[in-house]
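>>> compute the structure for the input listed below.
(chains A and B)
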Amino acid sequence: GAGVSQSPSNKVTEKGKDVELRCDPISGHTALYWYRQRLGQGLEFLIYFQGNSAPDKSGLPSDRFSAERTGESVSTLTIQRTQQEDSAVYLCASSLNTGGGSDTQYFGPGTRLTVL
Amino acid sequence: SQQGEEDPQALSIQEGENATMNCSYKTSINNLQWYRQNSGRGLVHLILIRSNEREKHSGRLRVTLDTSKKSSSLLITASRAADTASYFCATVNQAGTALIFGKGTTLSVSS
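Numbers count the residues shown, from 1 in each chain, chains lettered A, B, ... in the order given. Down below sits the predicted model:
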């Protein structure tokens, strides 16, 4: 079956512009995660959605970052007034059940964001 | 700061050799996971080891966990060029909502 998909695969933008990144999770997966990976670094957790529960936004680095998820489907991560420090690969993952530690997370290929 | 820290940061070996990567973490865990990241292919889950397990095998992979030392190791036996990738250990954050990854070990296997 189809895995997690993300679009666009690459995004180059100018400082100060807004960007929107999209994630399509695996069908039936109730949990969805966004992570950020800077060059040569590990993944930083950004936000977690689980079903209709309130999302865990504790990883969002500033109020310029926001994310939405419609039900148990598509999610969008929006970065407003982008800064050069936002340049990174943004990874989305989904998992089947309650999420968190015991589930295997399935990752998308990521969106590489470059802010000039 | 990162929960998991992998060691070494980089490892270069020849095909057929074994590769060992280590991970240290700070807080108590229910389980620890290892992931692999190939360039252009995203992260792939390799193996999960629970806190009450000391060793687990999956094909050419062997993972150990020492909760008293808060450390884990990933052994890849008979390495292949296709094993070239970055390897990350991951543990669950305190809220139980997401994984915390280390910076990873970059493995290069040359033929």
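>>> next, give phi and psi for A:K57.
With angles defined as degrees, to the nearest 10, A:K57 sits at phi -100, psi 10.
>>> quick check: closest non-adjacent residue to it.
Using Cβ to Cβ, 6 or more residues apart in numbering or on different chains and skipping the chain neighbours, the partner closest in space to A:K57 is A:I47 (5.2 Å). Every residue, glycine included, has its C-beta placed from N, CA and C.
>>> that neighbour: neighbour count?
23 (other Cβ atoms under 10 Å in any protein chain shown).
>>> which ones are touching it?
A:Y33, A:W34, A:P55, A:D56, A:K57, A:G59, A:L60, A:F65, A:A67, A:L77 (Cβ atoms under 8 Å, 6 or more residues apart in numbering or on different chains).
>>> ok, the first one to B:I29 distance?
It refers to A:Y33. Counting by Cβ to Cβ, to the nearest Å, the gap from A:Y33 to B:I29 is 18 Å.
>>> neighbour count: the two, which is higher?
More crowded of A:Y33 and B:I29, by other Cβ under 10 Å: A:Y33, with 29 against 20.
>>> list the helices and strands the helix or strand hosting that one packs on?
Applying DSSP states H and E as the criterion places A:Y33 in strand A:31-37. When contacts are defined as 3 or more Cβ pairs under 8 Å, 6 or more residues apart in numbering or on different chains; DSSP states H and E, strand A:31-37 packs onto strand A:43-50, strand A:75-79, strand A:88-95.
>>> quick one: contacts for the spatially most central residue of chain A?
With distances taken as Cα atoms, centre = their mean, A:W34 lies nearest the centre of chain A, 2.9 Å away. Counting by Cβ under 8 Å, 6+ apart, A:W34 touches A:C23, A:F45, A:L46, A:I47, A:Y48, A:A67, A:S75, A:L77, A:Y90, A:L91, A:C92.
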